[in-house]
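Student: I would like to see how this sequence folds:
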Amino acid sequence: LFADYPSRLSFELRGEICCDGDLCPNHSCDYFKECFFFKAKAKAKEAKIIVSNHHLLFTDAQSRHIGDVGYDEEMILPPFNRLIIDEAHNMESNATEYFTDEYDSKEMLRQIHRVQRTGRYSSKSLLEQLGEYSTEADIIDRIQDDIHLLMQEVGTLDQYLLAVFQKNDFQPVLIKAEQQHRLADFVKVATSVAEASGRLAAKINVFLEHNKAPEELDGKLAELRVRATRISMMSEVLTRFCNFGLWQDEVHWFNAESSNRDRSVQVRITPLSIADLLVDALFSKLETVVCTSATLDLSDQFAFWAGRVGLPYDESRPFLKGIFLSPFDYKSRLMLLTPSDAPLPAKEMEEPYISYVAQTIWDAVHSSGGGALVLFTSYVMLKQVKRLLEPRFEQAALTLLGQGELDRYSLLNRFIEEQDSTLFATSSFWEGVDAPGDTLRMVIIVKLPFTVPSDPVFKARCEAIDKAGGSGFYQLALQAATMKLKQGFGRLLRSTSDRGVVLILDSRVITKNYGVYMLRALPESYHPETETAGLCTKIENYLYG
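Tutor: Residues are numbered from 1 along each chain as shown. From the prediction side, this is the model:
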């Protein structure tokens, strides 16, 4: 949800409005009866069918896994034993996110501030409101001393990590165990934060154990308890990260996130493979799981996807597979164009490639009269091309929309309402865009959607495959890119009466051996040979001839 906003929310505001299971005091909360989340949860308990997104599902699965709670009991979701997962091609990435443990500098400071700041309706901090009922002498002063020390240590760790990111153009950084001799400074600073936060959490728990607050303050006690729990959890992440001898089947990495006003740094530990976790936390615990998606099969009988999510895991449990043909007549209703003379999108050719992309997009959109979705793999490149083409679109009285101008929902609505508009987009717009009819008559794919090789988790997973004697490129990178290409390709035909053009401006799809594999994974369509000079004529004739 937050990623759909045109301007990212500050970390402080995001923390205030986000439902976080780790921090929720449940029935002890002062606002429990008015809580939107628990009202929705109560309705879900009465339902025969529950519709959830992946995020809520995996949050629930993670909580059950950690707490050893079965699906016959209530957790975040009510009890259930049969599950249908749509868009199952996203299972690995979404589950990876929710089974990642992290220390977050802004989150740590937010927890501290919630402990010591005054409330909306009180001039006293949470500690002060409960302090008069404590039987432990001077405990508040000792907690305040620990808070001040922890804030200093967090600031020192922030400075260290920001210096690392500056050297790496603020890109995520993969850390390997063999680099430990170069990480002595990090270990020293991170250990100080871990120890200081651990001491603070322990003192808060002592404060809670020796507190005789009346029943009406149970909500305050519960809130303080979950703050201490969250601080302790982040302390444990840093301790684990610094213990190189225990690293096994995990990816250790640094990350940085920016909002309009601030920057947050994270220390993260991610499972190298999510397969066993999905089996233990989900598949093996339920009677039936049905996974569906239009892009699970890459002409391999689901082998790639199934292997990534841990299926089949037990010969005694049937693993049934089915491929159901699309009702769309791709051969007669979709033309695929792959100009053979398109320049390779190599880094050293970035400027000529951007110029080529901008000119070709303009020619193609002008030929189709708009109604185009242009999919990029880089937001930076999207902005460059958009800046080059805005004057031409304005002069031709054609609407040009770009991701980031509005939230996702408003942007898609405007694109659908303005029939001849063109939308430049990236990331999440490769899927989930449903614009049937003449609104969308051309999809332009600028580059093949390979995952950035520097992505720490992706890089570590590819290296693990290579180390085991396989090929990280062919067994992971190519498969993931092909699956995403199928998603982008699938944006065009959304009803049996739709008709249109898919244009791929990356010549690797026809000049590289793996390009043939990617094309074969797409639905068979009309695919005439062409060069850039012949694109406009082919587009006009196909759409309007």
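
Student: Extract the residue ranges of the stretch 1-150 of the chain that are flagged as low pLDDT.
Tutor: For the stretch 1-150 of the chain, the stretches with pLDDT under 70 are 1-25, 28, 117-123.

Student: and with 80 instead?
Tutor: Within the stretch 1-150 of the chain, the stretches with pLDDT under 80 are 1-31, 117-126, 131, 136-137.

Student: List the buried residues in the lengthiest helix in the chain.
Tutor: Longest helix in the chain by number of residues (criterion: DSSP state H): helix 139-167. Residues of helix 139-167 classed as buried by neighbour count (16 or more other Cβ atoms under 10 Å): 139-140, 142-144, 146-147, 149-151, 153-154, 157-158, 160-161, 164-165. Glycine gets a C-beta too; all of them are placed from N, C-alpha and C.

Student: do stretch 361-380 as well
Tutor: 361-362, 364-377.

Student: Likewise for stretch 246-255?
Tutor: 247, 250-255.

Student: taking the residues you listed one by one, which sit in strands?
Tutor: 250-255 (DSSP state E).

Student: now the longest helix of the chain, how far from the chain's geometric center?
Tutor: Centroid separation for helix 139-167 versus its chain: 28 Å, with Cα atoms, centre = their mean, to the nearest Å.

Student: Tell me the helix or strand right after it.
Tutor: Downstream of helix 139-167, the first helix or strand assigned by DSSP states H and E is strand 173-175.

Student: Show me what the mean pLDDT comes to for that next one.
Tutor: For strand 173-175, mean pLDDT rounds to 95.

Student: what lines up beside that strand in the sheet?
Tutor: Here strand 173-175 has these sheet partners by DSSP bridges: strand 250-258 (antiparallel).

Student: What's the first helix or strand after the partner strand?
Tutor: Per DSSP H and E, the first helix or strand lying C-terminal to strand 250-258 is strand 263-271.

Student: Can you show me the strands along the stretch 201-350 of the chain?
Tutor: Ranges of strands in the stretch 201-350 of the chain, per DSSP state E, counting those that start in this stretch, are 250-258, 263-271, 288-291, 334-337.

Student: can you give me the strands in the stretch 51-200 of the chain?
Tutor: For the stretch 51-200 of the chain, the strands defined by DSSP E, counting those that start in this stretch occupy 82-85, 101-104, 173-175.

Student: what's next to the host helix or strand of Cys462, contact-wise?
Tutor: According to DSSP H and E, Cys462 maps onto helix 456-467. Contacting residues not belonging to helix 456-467 are listed as 96, 172-174, 251, 253, 255, 270, 272-273, 451-453, 471-473, 475-477 [Cβ atoms under 8 Å, 6 or more residues apart in numbering].

Student: Just want the angle from it to strand 250-258.
Tutor: In terms of direction (axes from the mean of the first three to the mean of the last three Cα atoms, to 10 degrees), helix 456-467 departs from strand 250-258 by 150 degrees.

Student: returning to that earlier point: deepest-packed of the strands of the stretch 201-350 of the chain, please.
Tutor: Sort the strands of the stretch 201-350 of the chain by mean neighbour count, taking mean count of other Cβ atoms under 10 Å, and strand 334-337 sits at the top with a mean of 23.

Student: Sounds good, over and out.
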